[in-house]
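Undergrad: following is a predicted model, sequence given first.
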Amino acid sequence: GQQLNQSPQSMFIQEGEDVSMNCTSSSIFNTWLWYKQDPGEGPVLLIALYKAGELTSNGRLTAQFGITRKDSFLNISASIPSDVGIYFCAGTNSGGSNYKLTFGKGTLLTVNP
Amino acid sequence: SQTIHQWPATLVQPVGSPLSLECTVEGTSNPNLYWYRQAAGRGLQLLFYSVGIGQISSEVPQNLSASRPQDRQFILSSKKLLLSDSGFYLCAWMHAGGADTQYFGPGTRLTVL
């Protein structure tokens, strides 16, 4: 089945630094999603990407859908303490009878004030 | 707007006791519904999903079961809990028709002693 490799597994950074994380897949997706999970809560959707090459921003967050459709990255600029949490990528081939997302194992981000 | 609820928020149960976790969605009709388990604050493991009332697909063989007695209600059950059932249980919904984005509930923290 499809697998997602998400890296890095964890990051420890200083407040104000930029962050970059990525996901690679063994097969193609037509949709990439990025979620953030705060401690003790459910994941929240940050950015959705639907087209190869697409670059989308949401405030200090920027995500890109790789041209090969097998990868995606998420950048966070000028990190702040509330950026702490687990970031998940997810891929899917939407439509038809596919109802599931394939998730990466997450990147745990720690921001030191 | 759509909202998703889970209860209880936390639960401590002895080994061998039964389990019932409930998830309800408001503001949408005929959603796809999902149960995930997250161990040790990391990866998301899909347990069950449902595309309609009474329709349940199981992803992982285990001593848990799921039911969907109403359109927007999804229940996770067990007759006898094991220590290994401890974890953070997340319910999610998706628009019907194989659309892409899943939206997560706040989760239930289950501790089996």
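TA: Right, received. Where do you want to start?
Undergrad: how about chain A: which residue is closest to chain B?
TA: For chain A and chain B, the shortest gap (C-beta to the nearest C-beta) falls at A:G42, measuring 3.5 Å. C-beta: built from backbone N, CA, C; applies to glycine.
Undergrad: contacting residues around that residue?
TA: B:90, B:92, B:104-107 (C-beta atoms under 8 Å, 6 or more residues apart in numbering or on different chains).
Undergrad: what segments of chain A are strands?
TA: Along chain A, the segments classed as strands by DSSP state E run A:4-7, A:10-14, A:19-25, A:31-37, A:44-49, A:55-58, A:61-65, A:71-76, A:85-92, A:102-103, A:107-112.
Undergrad: ok now stretch A:62-73, how far from the chain's centre?
TA: Stretch A:62-73 sits 10 Å away from the centroid of its parent chain (C-alpha atoms, centre = their mean, to the nearest Å).
Undergrad: only C-alpha atoms, please: export that stretch in CSV.
TA: What follows is stretch A:62-73, C-alpha atoms only, in CSV (Å, rounded to 0.1, in the frame of the first residue of the first chain):
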residue,chain,number,x,y,z
THR,A,62,3.6,28.0,3.1
ALA,A,63,3.1,24.5,1.5
GLN,A,64,3.9,23.2,-1.9
PHE,A,65,2.6,20.2,-3.9
GLY,A,66,5.6,18.6,-5.6
ILE,A,67,5.6,18.5,-9.4
THR,A,68,6.1,14.7,-9.4
ARG,A,69,3.0,14.5,-7.1
LYS,A,70,5.0,12.3,-4.8
ASP,A,71,6.1,14.9,-2.3
SER,A,72,5.1,18.0,-0.4
PHE,A,73,6.7,20.4,2.0
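Undergrad: how about A:I28, nearest residue that isn't a chain neighbour?
TA: Leaving aside its sequence neighbours, A:I28 sits nearest to A:R69 (C-beta to C-beta, 6 or more residues apart in numbering or on different chains; 4.0 Å).
Undergrad: tell me the confidence at the one you found?
TA: Per-residue confidence (pLDDT) for A:R69: 93.
Undergrad: what's the answer for A:G95, then?
TA: Looking at A:G95, the pLDDT reads 66.
Undergrad: about what we covered before: residues in contact with the residue nearest to A:I28?
TA: The neighbourhood of A:R69, defined by C-beta under 8 Å, 6+ apart, consists of A:28-30, A:52.
Undergrad: so which of those comes closest to B:K80?
TA: A:F29 (38.5 Å; C-beta to C-beta).
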